[in-house]
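Visitor: what's the 3D shape of this:
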Amino acid sequence: MARVSSDPVRTGRVLRRLGLPLLRLATAVTVLWFLWRQLGSAPFKDGLRAVTWPAIVAAVTLTALTTVCSAWRWRVAAQALGMGIGLPAAVRSYYRSLFLNSVLIGGVLGDVHRAVTHGRRSGDVVLGLRAVAWERLCGQVIQAVVTVVVLLTLTSPVRPALPYVLAGVAGVAGAAGCAALVARHTDRRGRSRLTRAVRAVADDLRHGILAPHVWPQLALSSVLVVAGHTATFVIAARVAGSTAPLGELLVLLMVVQTATVIPLGIGGWGLREGVAAWAFAAAGLGAATGITITTLYAVLMLIAVAPGAGLLVGDAVRRRRDQGQSGESRRPDPAPRALEVVRD
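Guide: Predicted coordinates for the structure are as follows:
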């Protein structure tokens, strides 16, 4: 009877765990299906056919530079929270996370893997998760701010999207401000989970992320990352055959990149293509052109983050080898048994 009564609870937990991944999968499939129904498969095929070796070399080079900048941002955030990590190790971990984000649903599981792995090695998984969360949040805020600046500076038909970007930035800033305010006026003896979480956020901001020697490094590294990804997008657009003026192209690609950070898709696919189709159609360049560019960009980025796959394979091989060695070390030594037989 106890087993039967616990089944609904267990089923509810499974459904809650699968709810968000299923939503992401459904969103990506729905958007891609709609685009395929409206435009056919030609734009996607054109993006695949547009791959060239010079474009691959450029994407790999720019991705290497942006990965170093991203790893630097993560290292600064982690050190601000009291966790140490070397830059080479951070770069390797970041490559692993980029590859996992490119092939798994949601586009954030690689970051979770990076946070948990670093947290276990440092002895504090929760602090590892907080460090990665702040690092990613700083990058997204700077991405939104740069997009706002570009939309305000350059004229474009997608300027109506500006209120949505501003709303996102204001929401993030407001949430952080409210957390700090609540923590300031919360009883220090509070032991509730919400109280501890809010206090941790406030302490991270006050003594870590917003420290005078920390936030300039986070901002600079984030700007460099945005510049690198935008340059890769521009290369993909030119290789795909887009002849739009650079200023107009930058506005469109910045809007697409801002939409990409929303974790609704399969390895980035879905929402990115939908926003690109809308943005390029609004600019009079054709929705198919936007899809072709994003398809080419996705292929180039997948190739560029392939070193992460090699690192993951190497990790798996080392774990298996270590397990084999530990298994052999636990086997009993046959020598004493042989001596006993001889004595008998």
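Visitor: can we go C-alpha only for contacts and neighbour counts from here?
Guide: Noted.
Visitor: check contacts around the residue nearest the centre of the chain.
Guide: Closest to where the C-alpha atoms of the chain average out (CA atoms, centre = their mean) is residue 108, at 4.7 Å. Residues in contact with residue 108 (CA atoms under 8 Å, 6 or more residues apart in numbering) are 101, 263.
Visitor: One more: the one 10 residues further on?
Guide: Contacts for residue 118 were tallied using CA under 8 Å, 6+ apart; they are 125, 128.
Visitor: where does the stretch 151-300 of the chain have low pLDDT?
Guide: 158-194 (pLDDT under 70).
Visitor: change it to 50
Guide: 178-189 (pLDDT under 50).
Visitor: Which residue ranges of it form helices?
Guide: Taking DSSP state H, counting those that start in this stretch as the test, the helices found in the stretch 151-300 of the chain are 162-184, 193-204, 215-239, 246-260, 271-282, 287-304.
Visitor: if we can go back for a sec, measure the residue nearest to the centre of the chain to residue 115 for me?
Guide: 11 Å (CA to CA, to the nearest Å).
Visitor: do you know how far residue 295 is from residue 240?
Guide: From residue 295 across to residue 240, the span is 10 Å (CA to CA).
Visitor: ignore the last one, residue 212
Guide: Counting by CA to CA, the gap from residue 212 to residue 240 is 43 Å.
Visitor: ok, the two, which is more surrounded?
Guide: residue 240 (24 against 10; other CA atoms under 10 Å).
Visitor: Show the contacting residues for that one.
Guide: Shown in contact with residue 240 (CA under 8 Å, 6+ apart): 46, 47, 50, 292, 293, 296.
Visitor: What about the third one? Give its phi and psi, please.
Guide: Recorded main-chain torsions at residue 50 are phi -80, psi 0, according to degrees, to the nearest 10.
Visitor: Surely it touches residue 239?
Guide: Yes: if you go by CA atoms under 8 Å, residue 50 and residue 239 touch, sitting 6.7 Å apart.
Visitor: Residues in contact with the host helix or strand of residue 90: which ones?
Guide: Using DSSP states H and E, the element containing residue 90 is helix 87-103. Here helix 87-103 makes contact (CA under 8 Å, 6+ apart) with 67-68, 70-72, 74-75, 107-111, 113-114, 266-268, 302, 305-309, 311-312.
Visitor: same thing but 7 Å
Guide: Residues outside helix 87-103 that contact it (CA atoms under 7 Å, 6 or more residues apart in numbering): 67-68, 71-72, 75, 107-111, 113-114, 266-268, 302, 305-309, 311-312.
Visitor: Just the ones in strands from those residues, please.
Guide: residue 266 (DSSP state E).
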